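[1] Provided below for reference: sequence and predicted model.
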Amino acid sequence: MANQSSTSREKTTVKTIKALKGERPIVAITAYDALMTRLIDDAVDLILVGDSMGNTALGYENTVNVTLDTIIHHAAAVNRAQPKALVIADIPFGDAYLSSDSLLLASRRLMQEAGVQAVKIEVGSESLFPKIENLINAGIPVMGHIGLLPQTINALGSYRSYGNREAGRMRLINWAQQLESIGCFSVLGEMIKPEAAGEITKRIDVPFIGIGCGVDCDGQILVLSDVLGLSPDSPFFAKQYVDLSAAIKDAVANYASEVTQKQFPQK
């Protein structure tokens, strides 16, 4: 459970996450290294090693440039912190649309080489359902991702919300139900109209975790740099809980001042 010390807390599993449906909201956040993982682990149920690292940590304009090897590198760092939270990693741009064998290999590498306990897949086509089911049959837990799919930004042109019209709402509900039926342990929705997100939450028996989807989901996830005030351009739905950007700038400026004035190091 979140907010317990790591010494008294058992490792969170996909079974733990599923059991939280209807019990309490699930707390999820992103992380990409051991340092931050150690700092956040006590407070969260689920850590996503997301391809959002492209925008936040690696200097790319979007998530498209993030490769499987990059995610493996960062996910391994997260797991070296030995978090009690469940660790999930994104399947990067394009990999889910290769053959079933290629997707299985990518997912297997994330579990064997990086140590993650599950993978998340952006679902932009029903053609992915059999591939996802194949992963689950192979013992790889999968979180399905519906609504806004950041990996499709080059096709979309810009980010937008989903579920505003009846046809779109019903499609999202249907896809969430299908993802549950093939064995996904949870579904993540991004930038889905709150009314539609609330309906999805009611219609499926696995947790529906939202980002920019309103309060009526089974849990929430945010990008860590948005929470900490480190992102220059946070999305409208994010909340900044502290301004670490200013604090870091002040600390480094004070260090630089002491070095140039030969006040550091002191005798």
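    Arrived safely, thanks for sending.

[2] only C-alpha atoms for contact and neighbour calcs from this point on.
    OK.

[3] Would you pull up how far the helix or strand harbouring residue 103 lies from the middle of the chain?
    Taking DSSP states H and E as the criterion, residue 103 maps to helix 100-112. Centroid separation for helix 100-112 versus its chain: 18 Å, with Cα atoms, centre = their mean, to the nearest Å.

[4] mind listing what's buried in that helix?
    Judged by neighbour count using 16 or more other Cα atoms under 10 Å, the buried positions of helix 100-112 are 100, 103-104, 106-111.

[5] contacting residues around the next helix or strand along the chain from it?
    As assigned by DSSP H and E, the chain's next helix or strand after helix 100-112 is strand 118-122. For strand 118-122, contacts defined as Cα atoms under 8 Å, 6 or more residues apart in numbering pick out 14, 87-91, 96, 107, 110-111, 140-146, 149, 151.

[6] What residues of stretch 173-193 count as buried?
    Across stretch 173-193, burial judged by 16+ other Cα under 10 Å covers 173, 175-177, 179-180, 182-193.

[7] Run through the bridge partners of residue 220.
    Beta bridges link residue 220 to residue 27, residue 210, judged by DSSP bridges.

[8] Which of the buried residues of helix 100-112 lies at the shortest distance from residue 127?
    Distance to residue 127, by Cα to Cα, is smallest for residue 100 among these, at 10.8 Å.

[9] which residue sits closest to the closest one, ignoring its sequence neighbours?
    What sits nearest to residue 100 in space, not counting adjacent residues and going by Cα to Cα, 6 or more residues apart in numbering, is residue 131, at 5.4 Å.

[10] which residues are in contact with the helix or strand bottoming out on mean pLDDT in the chain?
    Ranking every helix and strand in the chain by mean pLDDT, DSSP states H and E puts helix 153-156 at the bottom, with a mean of 92. The contact list for helix 153-156, computed with Cα under 8 Å, 6+ apart, reads 62, 159.

[11] next helix or strand past that helix?
    helix 166-181.

[12] so what does that next one touch, helix or strand wise?
    If contacts are counted by 3 or more Cα pairs under 8 Å, 6 or more residues apart in numbering; DSSP states H and E, helix 166-181 sits against strand 142-147, strand 186-190, helix 194-203.

[13] Give me the distance from the second one to the chain's centre.
    Averaging C-alpha positions (Cα atoms, centre = their mean) puts strand 186-190 10 Å from its chain's average.

[14] what do you get for the last one?
    When distances are taken as Cα atoms, centre = their mean, helix 194-203 is centred 20 Å away from the chain's centroid.

[15] counting contacts, what elements does that helix pack onto?
    Using 3+ Cα pairs under 8 Å, 6+ apart, the elements in contact with helix 194-203 are helix 166-181, strand 208-211.

[16] ok, and what's touching that helix?
    163-164, 169, 172-173, 176-177, 189, 207-208, 210, 213-218.
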